[in-house]
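In: structure, please.
(one chain, ligands or ions: 1)
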Amino acid sequence: MAGHVSLTRNKEIGIVTIDNPPVNAFSPGIPRSIATSIEQLGADPRTAAIVLIGAGRGFSAGADIEELQRIASGHQPRAMDLRILARRIEDCPKPVVCAIHGVCLGGGLEIALGAHYRIAAPSGSFAQPEVKIGLIPGAGGTQRLPRVAGVARALEMCWRGEPAGAEQALADGIVDRIVSNDLLTAAIAFARETLARGGKPPRTRDRDEKLTPERYDPAIFDAARAAARKSMRGQTAPLRAIEAVEASTRLPFDEAMALETSLFEKCLYSEQGRALIHVFFSERNAAKVPGLAPDAPALPVKQAAVAGAGTMGGGIAMTFANAGIPVALKEATRDALDRGVERIRSNYAVSVKRGRFTQAFADERMELIRPSLDYDGFADADVIVEAVFEDMELKKGVFAELDRVAKPDALLATNTSSLDIDSFAGQTSRAGMVLGLHFFSPANVMRLLEIVRGAATTPTAIATAVALARKLNKVPVVVGNCLGFAGNRMFEPYRLEAQFLVEEGAAPETVDRALYDFGMAMGPLATGDLVGLDVAWRIRRLFQEREPPGFRKPLVEDRLYDLGRYGQKSGAGWYRYDENRKPQPDAEVAALTRQLAAAAGIPQREIAPEEIVERTIYALVNEGARILGEGIAQRAADLDIIYVAGFGFPAWRGGPIWYAGEVGLAKVYARIREFEREHGPRWAPAPLLCQLAEQGRSFSE
Ligand code: NAI
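Out: This next block holds a predicted model:
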């Protein structure tokens with residue numbers, strides 16, 4: 001049903017209801033209808049006051065992001081502006097009471113701030129989350145919020161984008177009252193109270209009592225900028241949000257609004273804004289599986305089990321427990337089980353210490369995890385995740401056992417990072433219910449979950465896994481079965497290029513720095529040290545077994561492995577680590593590199609950060625194109641989500657494939673051809689990339 005705005009009345013109170021399921025977004029037409037309704041009631045002699053309320057689940061989730069995307073890409077002119085709507089509401093000569101339940105986000109909050117009064121149900125949730133999609137509030141949020149909530153709180157809400165509950169909103173002054181009875185009835189009563197008090201309805205923009213210098217510390221702006229540069233590194237929107245809120249303290253309302261508008265538009269038409277909106281939609285899309293009937297039955301998951309309580313198994317058990325799902329956890333030996341449970345306990349203790357969980361929450365979660373040395377509780381599990389050592393024969397044995405103990409329709413998943421899913425399916429009598437659930441380390445923290453489809457995996461198994469992922473608060477991406485699946489397979493050539501760059505003369509810290517500055521959470525060599533160069537060595541072997549002869553092979557990392565330099569866990573790898581695991585450049589690595597490069601006749605040169613970024617990121621793009629061409633990934637944007645949610649790729653660059661489109665595929669392709677000439681057949685462009693670039697097309701077409 002198309003959304004609409006309805007106008008009803010209760011005696012002298014006019015009621016404007018926004019009804020645009022599911023979240024009352026301000027889709028085209030809605031803002032104008034609200035404005036017309038308010039104006040009509042404002043001019044109507046029978047109406048003394050107005051209530052503005054949302055139908056359904058919440059007040060409003062704000063702007064229609066699809067519309068913003070069309071505007072940003074130049075496909076649609078701007079419709080009625082929310083900033084005009086907020087002002088019309090504010091200018092209404094009769095008191096407007098905004099009644100809020102559920103979400104009141106972004107433009108929704110800005111419209112509510114235009115009203116003269118706000119009351120909320122306990123479910124009310126208030127936020128200016130625009131920065132999360134690369135924008136800032138654009139309908140007066142940066143100006144009206146400081147006037148009602150004070151500068152410090154408004155600043156925090158606008159640059160961080162985090163929500164505040166109803167109680168917090170009341171304490172902040174965003175709402176005037178919390179009501180627990182029927183919201184509309186309460187709003188009508190509230191409107192009558194204001195009428196009884198008389199007087200002109202107070203306009204938010206005229207309120208400046210909270211903007212006086214005594215009411216806030218001027219140092220908060222610089223402190224916020226420093227914090228934003230750190231926690232939202234590389235992003236411009238949070239800094240612009242801070243600038244706009246700061247303007248509320250030094251410019252008259254209209255001038256500050258003009259500044260907000262200009263900053264908002266800069267964000268909307270920026271590469272970062274477009275990239276973050278792309279990520280926003282792609283993440284939602286990734287859970288949709290082409291060819292899977294929308295109603296493919298997902299089996300309910302009420303109980304889970306995990307085999308192996310090591311690094312991954314423990315984290316996976318925590319993930320289930322955090323979602324309130326009881327989970328049996330099986331180990332091979334008493335010693336390993338005790339260690340595993342202790343690690344889980346200490347992880348929870350850290351979370352309690354950091355204030356992420358209460359002790360009671362942690363205790364409850366711990367209770368949900370049932371450790372054992374046999375398959376206790378596995379027969380009741382709806383899903384079982386195998387996370388034992390990465391060993392084909394061991395895992396095959398475990399799958400045969402799981403098949404015996406599990407109930408017939410239980411989903412059997414492996415967390416393997418490199419082994420063939422179908423080999424495990426073959427050990428069971430239910431290959432259709434076998435798939436990969438590839439969690440990333442630490443499993444209780446990383447949002448990505450690759451769902452790996454085997455040859456026989458059924459739609460029900462996939463649908464169950466996707467629904468489960470959402471319940472676990474993960475970002476599911478369905479991929480095909482190949483070495484490394486999608487994420488790790490792309491990571492291999494990316495990390496190889498980083499190593500080759502070192503062998504050609506760039507220091508490890510120069511390579512890592514260039515990628516960190518590009519926006520990666522961590523450089524590729526430091527990542528190797530974190531994961532373990534022994535693990536990387538083992539995976540590299542698997543890839544090398546499949547490579548044609550003549551492919552350039554890395555030298556230094558193999559030697560580091562031979563020397564027992566496994567990275568952080570052994571105190572040294574590409575870097576040397578102190579007891580706080582802080583990396584220090586190591587002269588030994590530099591000497592070793594020079595020696596190996598000289599012996600192999602690799603000329604040394606200085607390499608600029610731009611080239612470092614091109615070599616590594618284009619390696620991701622090229623392998624991504626190969627994966628797409630082979631049908632391992634369902635769509636280009638899925639690879640972006642894998643990299644943003646699982647590999648620390650900066651969301652504000654949209655993911656590697658999106659980034660390639662922004663650079664221009666023709667340009668990326670030409671550079672890859674150059675690399676092929678200079679560095680050999682590893683750089684042969686993926687057939688899909690050749691095709692798209694030569695036809696002037698893009699990945700998303
Ligand atoms: P780990 O070595 O920390 O843990 C494996 C655990 O399995 C050990 O505690 C071992 O005692 C236990 N185990 C061995 N045989 C068992 C049996 N028959 N029944 C129950 N438990 C048994 O290894 P980690 O790192 O947790 O890896 C587990 C799996 O997850 C591997 O397949 C690995 O490739 C995969 N993986 C690892 C990632 C990582 O970053 N560590 C990331 C993603 C996947």
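
In: give the buried residues for stretch 567-577.
Out: Applying a neighbour-count criterion of 16 or more other CB atoms under 10 Å, one finds 567-570, 572-577 buried in stretch 567-577. C-beta coordinates here come from the backbone N, C-alpha and C atoms, glycine included.

In: kindly report the same for stretch 133-146.
Out: By neighbour count on 16+ other CB under 10 Å, the buried set for stretch 133-146 is 133-146.

In: what would those look like in CSV with pLDDT, secondary structure and distance to the ligand?
Out: As requested, the buried residues of stretch 133-146 are exported to CSV (pLDDT from 0 to 100; DSSP: H, G, I helix; E, B strand; the rest coil; distance: CB to the nearest ligand atom, whole Å):
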residue, pLDDT, secondary structure, distance to the ligand
I133, 95, helix, 30
G134, 96, coil, 30
L135, 96, coil, 34
I136, 97, coil, 37
P137, 96, coil, 39
G138, 95, coil, 41
A139, 96, coil, 44
G140, 97, coil, 46
G141, 98, helix, 41
T142, 98, helix, 42
Q143, 98, helix, 47
R144, 98, helix, 47
L145, 98, helix, 42
P146, 98, helix, 45
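
In: show me where the stretch 1-150 of the chain dips below the pLDDT cut-off.
Out: Counting by pLDDT under 70, the stretch 1-150 of the chain shows low-confidence ranges at 1-2, 77-80.

In: the ligand contacts on the chain?
Out: Contact residues (CB under 6 Å from any ligand atom) of the chain with the ligand: 307-313, 330-332, 336, 340, 387-390, 394, 398, 415-417, 439-441, 531.

In: closest one of the buried residues of stretch 567-577 to the ligand?
Out: Top of the list for closeness to the ligand, among these and by CB to the nearest ligand atom, is K569 at 11.2 Å.

In: quick one: secondary structure of that closest one?
Out: helix (DSSP: H, G, I helix; E, B strand; the rest coil).

In: how about the nearest residue to it, chain neighbours excluded?
Out: Excluding the flanking residues, the one nearest K569 by CB to CB, 6 or more residues apart in numbering is G532, at 5.9 Å.

In: please apply the same query to G528.
Out: A536 (5.2 Å).

In: what helix or strand does the one you found sit in?
Out: For A536, the element it lies in under DSSP states H and E is helix 533-545.

In: contacts for the helix or strand that that helix is followed by, please.
Out: Where DSSP H and E defines the elements, the next helix or strand beyond helix 533-545 is helix 556-562. With CB atoms under 8 Å, 6 or more residues apart in numbering as the test, helix 556-562 has contacts from 499, 502-503, 528, 533-534, 536-537, 540, 573-574, 589, 592-593, 596.

In: following helix 556-562, which helix or strand shows up next?
Out: Using DSSP H and E, the helix or strand that follows helix 556-562 towards the C-terminus is strand 576-577.

In: now do that next one, average pLDDT.
Out: Averaging pLDDT along strand 576-577 gives 97.

In: for the stretch 401-550 of the chain, which residue gets nearest to the ligand?
Out: In the stretch 401-550 of the chain, the residue found nearest to the ligand is S441; the distance is 3.3 Å by CB to the nearest ligand atom.

In: next, count neighbours for that residue.
Out: By the measure other CB atoms under 10 Å, the count of residues near S441 is 14.

In: buried residues in stretch 599-617, which are they?
Out: So for stretch 599-617, counting by 16+ other CB under 10 Å, buried means 602, 607, 611-617.

In: looking at the stretch 1-150 of the chain, which residue is nearest the ligand?
Out: Residue of the stretch 1-150 of the chain nearest the ligand, by CB to the nearest ligand atom: K132 (27.2 Å).

In: that residue reaches G161, doesn't it?
Out: Yes. K132 lies in contact with G161 (CB atoms under 8 Å); the separation is 4.9 Å.

In: related to what we said a few turns ago, contacts for the helix holding A536 next, please.
Out: Residues from elsewhere that reach helix 533-545 (CB under 8 Å, 6+ apart): 390, 417-418, 483-484, 488, 492, 495, 528, 551, 553-554, 557-558, 560-561, 565-567, 573-574.

In: just the buried positions in that helix, please.
Out: Buried, per 16+ other CB under 10 Å, within helix 533-545: 533-537, 539-540, 543.

In: low-confidence ranges, the protein, go.
Out: Applying pLDDT under 70 to the chain flags the ranges 1-2, 77-80, 294-295, 701.

In: tell me the domain ranges of it?
Out: Domains of the chain are assigned by automatic domain parsing as 4-269, 304-479, 487-695.

In: need the contact list for the residue nearest the centre of the chain.
Out: Against the mean C-alpha coordinate of the chain, by CA atoms, centre = their mean, the closest residue is A645 at 5.5 Å. Applying CB under 8 Å, 6+ apart to A645 gives the contacts 283, 446-448, 475, 477.

In: lovely, talk soon.
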